[in-house]
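> Coordinates only, no sequence provided:
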């Protein structure tokens, strides 16, 4: 992970206030497989809504040209900063490790 992203994530974690469990949004990491076989990784609080946006072509520029997409992995991360940290970690993995993550459920 690039140093500037590590600094940004540390700053987000420091600013994040503890939230009451009942009102706190739970963040998730998700991985989509595009029609061309590439993988897209993202974070959200509502996976169903986000995947639907990707399928409509309004989720991201990357997936818009690679439809249809299939949800192949998801995991609960807790807070937004934890989800973004996990996203950076997964994005830095080589493809073989991402495939292992998808098959095993978590790496």
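Nice, I can see it. Here the structure is a predicted model, which means the values were calculated and not measured.

> so where's the longest strand in this structure?
Assignment by DSSP state E gives strand 69-78 as the longest strand of the chain.

> Can you tell me which helices and strands the helix or strand following that strand packs against?
Scanning the chain past strand 69-78 towards its C-terminal end, the next helix or strand to appear is helix 80-91 (assignment: DSSP states H and E). Packing contacts for helix 80-91, counted by 3 or more C-beta pairs under 8 Å, 6 or more residues apart in numbering; DSSP states H and E, involve helix 3-15, strand 27-34, strand 39-44, strand 69-78. All C-beta atoms are positioned from the backbone trio N, CA, C, and that covers glycine.

> Highest mean neighbour count out of these?
The densest packing among the helices and strands packed on helix 80-91, expressed as mean neighbour count by mean count of other C-beta atoms under 10 Å, is seen in strand 27-34 with a mean of 20.

> Quick check: nearest residue in space to residue 85, chain neighbours excluded?
residue 9 (5.2 Å; C-beta to C-beta, 6 or more residues apart in numbering).

> quick one: the one you found and residue 83 touch, right?
No: when contacts are counted by C-beta atoms under 8 Å, residue 9 is not listed as touching residue 83 (10.3 Å).

> got any ranges where this structure has weak pLDDT?
1-2, 15-23, 106-107 (pLDDT under 70).

> go with 50
Using pLDDT under 50 as the threshold, the predicted model of the chain has low-confidence ranges 20, 22, 107.

> separation between residue 6 and residue 67?
Going from residue 6 to residue 67 by C-beta to C-beta, to the nearest Å gives 33 Å.

> on that earlier part again, save the helices and strands packed on helix 80-91 as JSON lines, and put in distance to residue 93 too.
As requested, the helices and strands packed on helix 80-91 are exported to JSON lines (distance: least, C-beta to C-beta, whole Å):
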{"stretch": "helix 3-15", "distance to residue 93": "15"}
{"stretch": "strand 27-34", "distance to residue 93": "11"}
{"stretch": "strand 39-44", "distance to residue 93": "9"}
{"stretch": "strand 69-78", "distance to residue 93": "12"}
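
> Nearest to residue 91 among these would be which one?
Evaluated over these, closeness to residue 91 peaks at strand 39-44, with 5.4 Å, by C-beta to C-beta.
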